[in-house]
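Enquirer: sequence-free structure coming up:
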């Protein structure tokens, strides 16, 4: 071997040698044959019941929910959360399935050791799965949920792990022509496009060719009204969002499809996230509304917020989130602290602790005789309730300016050395004589 020779070489070919192929579908425009598809959604939105509905249609060759035709085929279900006898079979019956065409995958049989094992996604089980799908001519294979069947070493939040784990599964789908559909829960971020809201790494949605969202219908007050919306479609245009309702069918539920919706998956989640807004979101809205015309005294804002049911501590946290730093308007003990909206992007907020004892206070709340003996500047302008209310203060000692470390004193304004009680000049001189002249 010469210096210019290598032990490996690139294997490639011209696209002119590749014959174009037409995408085939088990559900036209929605679920492709021989590909991976993901369905995302929070618990309770009917994801599993929806897959049973699709399975029932597939076994009978009935039209899909949008009316498009489909061919009758066998279906396999790998379910970790629902019982085969008490849940899945009754749901299949309620949906009108042909149960002789639905296969329950129970696990893996290791004939070498004459042992039964749980199904996990790896090269060995994917090889066995491929043979199983071909043997029984399975057109649809549902995995509910994906995360339950990952190898223990596979981290669902790592892109490389998920691509490595799902690549063999994608090869199974392509080699058998089976539509493999797996389910996921949503993550907890409440931000970003719907395509990235499924739990786990972005590598999961990267490797699938189609993705869908099941979520509550924001345009319908019925708690059993939901939508089925496209989040990703690599093989065609995004199909219309479909509406469905969960209805009772004896001891189980079944789906009742209700036509199209004009909402996209992003629209649905945006409406849902808005509905999930908490007290701090309301406090931020209050601050923006009150300060849009200019700065306002903090005492005035706090009083108005309390009148609207916004707790002062919530208001402080919202102010911190927005990067607003109070400033003193003028000089002397009577000068008020004011808040003003930032004109640019907020800086990273300072970390604060919550102080319940009211040791320090500013000029608007301090004891008239100034008995705490500490200068206002030590608490960086945060209001402190001298009556013991919950407020935020800087995460450093108000006397020695040392960082406050988590301990049994966590959440207090003073470090352990400076917390022997109500602080006075004698205590300051005893513990930190170098600071006594600053007061």
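Expert: It's in. Here the structure is a predicted model, which means the values were calculated and not measured.
Enquirer: got the residue ranges for the helices in this protein?
Expert: 47-60, 89-95, 123-135, 159-176, 202-207, 265-275, 279-291, 298-307, 312-321, 425-431, 433-436 (DSSP state H).
Enquirer: Name the stretch among those helices that sits most buried.
Expert: Ranked by mean neighbour count, these are led by helix 47-60 with a mean of 24 (mean count of other Cβ atoms under 10 Å). The way it works is simple: take the backbone N, C-alpha and C, and place the C-beta from them, glycine included.
Enquirer: State whether residue 265 and residue 194 are indeed in contact, as I suppose.
Expert: Yes: using Cβ atoms under 8 Å, residue 265 is in contact with residue 194, at 3.7 Å.
Enquirer: intersection of neighbour lists for those two?
Expert: 213, 229, 231 (Cβ atoms under 8 Å, 6 or more residues apart in numbering).
Enquirer: Next up, the contacts around the last one.
Expert: Counting by Cβ under 8 Å, 6+ apart, residue 231 makes contact with 40, 193, 194, 195, 197, 198, 205, 211, 212, 213, 265.
Enquirer: Try it again at 7 Å.
Expert: 40, 194, 195, 211, 212, 213, 265 (Cβ atoms under 7 Å, 6 or more residues apart in numbering).
Enquirer: do you know how far it is from residue 325?
Expert: Distance from residue 231 to residue 325, counting by Cβ to Cβ, to the nearest Å: 40 Å.
Enquirer: now do the second one
Expert: According to Cβ to Cβ, residue 229 and residue 325 sit 42 Å apart.
Enquirer: Looking only at neighbour counts, state which of the two leads.
Expert: residue 229 (28 against 16; other Cβ atoms under 10 Å).
Enquirer: Confirm for me that the more buried one is in contact with residue 241.
Expert: Yes: taking contacts as Cβ atoms under 7 Å, residue 229 lies within contact range of residue 241: 4.1 Å.
Enquirer: what touches both of the two?
Expert: 263, 264.
Enquirer: average pLDDT for stretch 165-183?
Expert: Averaging pLDDT along stretch 165-183 gives 96.
Enquirer: and if you look at stretch 213-223?
Expert: Rounded mean pLDDT across stretch 213-223 is 92.
Enquirer: Identify the residues contacting the closest residue to residue 76 other than its chain neighbours.
Expert: Of all residues not flanking residue 76 in the chain, residue 103 sits nearest, at 4.3 Å (Cβ to Cβ, 6 or more residues apart in numbering). Listed by Cβ under 7 Å, 6+ apart, the contact partners of residue 103 are 74, 76, 136, 138.
Enquirer: can you check residue 224 too?
Expert: Listed by Cβ under 7 Å, 6+ apart, the contact set of residue 224 reads 245, 246.
Enquirer: where are the low-confidence patches of the stretch 1-150 of the chain?
Expert: Residue ranges of the stretch 1-150 of the chain with pLDDT under 70: 1-4, 112-115.
Enquirer: Hmm, I typed the wrong one, I wanted the stretch 201-350 of the chain.
Expert: Using pLDDT under 70, the flagged stretches of the stretch 201-350 of the chain are 273-278, 343-350.
Enquirer: Residue 213 and residue 264 touch, don't they?
Expert: No: the criterion here is Cβ under 7 Å, and residue 213 misses it with residue 264 at 9.5 Å.
Enquirer: Show me which of those two is the more surrounded one.
Expert: Taking neighbours as other Cβ under 10 Å, residue 213 and residue 264 compare with residue 213 leading, 29 against 19.
Enquirer: Look up which residues are beta-bridged to that one.
Expert: With DSSP bridges as the criterion, residue 213 is bridged to residue 40, residue 229.
Enquirer: separation between it and residue 159?
Expert: According to Cβ to Cβ, residue 213 stands 21 Å off from residue 159.
Enquirer: before we move on, the earlier item: list residues touching both of residue 213 and residue 264?
Expert: By Cβ under 7 Å, 6+ apart, the residues touching both residue 213 and residue 264 are residue 229.
Enquirer: Where do the domain boundaries of the chain fall?
Expert: 18-275, 279-436 (automatic domain parsing).
Enquirer: Any chance of those domains in CSV with distance to residue 5 as columns?
Expert: Formatted as CSV, the domains of the chain follow (distance: least, Cβ to Cβ, whole Å):
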stretch, distance to residue 5
domain 18-275, 29
domain 279-436, 54
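Enquirer: Check the burial of residue 137 by counting its neighbours.
Expert: 12.
Enquirer: Dig out what the closest residue in space to it that isn't next to it in sequence forms beta bridges with.
Expert: Closest residue in space to residue 137, ignoring its immediate chain neighbours: residue 74 at 5.5 Å, by Cβ to Cβ, 6+ apart. For residue 74, the beta-bridge partners under DSSP bridges are residue 138.
Enquirer: give the contact list for residue 74.
Expert: Residue 74 is in contact with 101, 103, 136, 137, 138, 139, counting by Cβ under 7 Å, 6+ apart.
Enquirer: Nearest to residue 92 among those residues?
Expert: residue 101 (9.9 Å; Cβ to Cβ).
Enquirer: Pretty sure that closest one sits against residue 71.
Expert: No: with contact defined as Cβ under 7 Å, residue 101 does not count as touching residue 71 (11.9 Å).
Enquirer: And for residue 25, the neighbour number?
Expert: By the criterion of other Cβ under 10 Å, residue 25 has 20 neighbours.
Enquirer: Does it touch residue 34 like I think?
Expert: No: assessed by Cβ under 7 Å, residue 25 is found out of contact with residue 34, at 10.0 Å.
Enquirer: what's the distance between residue 321 and residue 313?
Expert: On the measure of Cβ to Cβ, residue 321 and residue 313 end up 13 Å apart.
Enquirer: For the closest residue to residue 235 other than its chain neighbours, grab phi and psi.
Expert: Closest residue in space to residue 235, ignoring its immediate chain neighbours: residue 23 at 4.9 Å, by Cβ to Cβ, 6+ apart. Dihedral angles phi and psi of residue 23 (degrees, to the nearest 10) take the values phi -70, psi 130.
Enquirer: and residue 23, how many neighbours does it have?
Expert: 14.
Enquirer: Could you report the distance from it to residue 205?
Expert: From residue 23 over to residue 205 (counting by Cβ to Cβ), the distance is 19 Å.
Enquirer: And for residue 150?
Expert: Note on residue 150: its distance to residue 205, by Cβ to Cβ, is 15 Å.
Enquirer: hang on, the earlier thing: hey, which of the domains of the chain is tucked in deepest?
Expert: domain 18-275 (a mean of 18).
Enquirer: circling back: with the shared contacts of residue 265 and residue 194 in mind, which one is nearest to residue 86?
Expert: residue 213 (27.9 Å).
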